[in-house]
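structural data only, the sequence is not supplied:
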């Protein structure tokens, strides 16, 4: 745990796990990697909407009501590469980060960005340099989903994951891939690239249900008690 409250930026790449570039592989090599398992959908129609709803656990009270007044913002946008620097600056300002300084007051505790851009990940790595105040207090999560079926079976994970022993229809194929990094908080595993096989063999986080993701993240922001082990 950090010695001061942190803030978080979540980047969700919807259906684009197969389109990876060097910056994301570099991010994964320094991050704590694993999977978010999804509950089986009742129908294929609007399956991506349901994936996003599970990631946000959007079936309950508001985020602020569940997590001790956590202030969260969600953006779902598509931008050209020329706008990335401005976008990144504005996102970080919402979290109280300006010019490499981490301000004690901010408009939001959590910003969730529904987008996929390799340059954005690279820009974040340049700003959150090891040893800086931003690196120690900004929790970054990069989540990528496949969007279509592929050969990726979580039932092969050992030891058996705890969520598989409880009720509910859980989907074992094409999970979301997640890499998380915050200096001094997340563990660095042996994963060297952002891929299913690499996370399965060398990731340290294994798998949890996608609808538990926000609970784990809120704990890291001092907004919820620890969920699970």
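Structure received. This structure is a prediction, so every number in the text was calculated from the model and none was measured.

average model confidence for stretch 24-40?
Per-residue confidence for stretch 24-40 averages out to 88 on the pLDDT scale.

wait, I meant stretch 114-128
Taken as a whole, stretch 114-128 has an average pLDDT of 76.

ok, now stretch 181-191?
pLDDT averaged over stretch 181-191 equals 92, rounded to a whole number.

what of stretch 201-218?
87.

buried ones in it, by neighbour count?
When neighbours are counted by 16 or more other C-beta atoms under 10 Å, the buried residues of stretch 201-218 are found to be 203, 205-218. Every residue, glycine included, has its C-beta placed from N, CA and C.

repeat for stretch 22-34
Residues 23, 24, 25, 26, 27, 28, 29, 30, 31, 32, 33, 34 are the ones in stretch 22-34 that count as buried (16+ other C-beta under 10 Å).

hmm, who's touching that stretch?
Applying C-beta atoms under 8 Å, 6 or more residues apart in numbering, the contact partners of stretch 22-34 are 118-119, 121-122, 124-125, 140, 142, 144, 177-181, 186-189, 191-194, 198-199, 202-208.

the residue nearest the centre of the chain sits in which helix or strand?
A centroid search over the chain (C-alpha atoms, centre = their mean) returns residue 141, at 3.2 Å, as the residue closest to the centre. Remark: residue 141 resides in strand 138-144, with elements defined by DSSP states H and E.

please apply the same query to residue 134.
Residue 134 belongs to helix 133-137, assigned by DSSP H and E.

so which bits of that helix are buried?
Burial within helix 133-137, assessed by neighbour count using 16+ other C-beta under 10 Å, is assigned to 134, 135, 136, 137.

show the contacting residues for the last one.
What it means is residue 137. The contact partners of residue 137, taken as C-beta under 8 Å, 6+ apart, are 2, 4, 5, 6, 7, 102, 182.

which residues in this protein form strands?
In order along the chain, the chain carries the following strands (DSSP state E): 7-13, 32-39, 72-76, 97-98, 101-102, 110-114, 138-144, 170-181, 207-209.

export those as a markdown table, with columns for distance to residue 53.
Supplementary listing: those in a markdown table, determined by distance: least, C-beta to C-beta, whole Å:
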| stretch | distance to residue 53 |
| --- | --- |
| strand 7-13 | 12 |
| strand 32-39 | 10 |
| strand 72-76 | 12 |
| strand 97-98 | 28 |
| strand 101-102 | 31 |
| strand 110-114 | 12 |
| strand 138-144 | 14 |
| strand 170-181 | 13 |
| strand 207-209 | 13 |
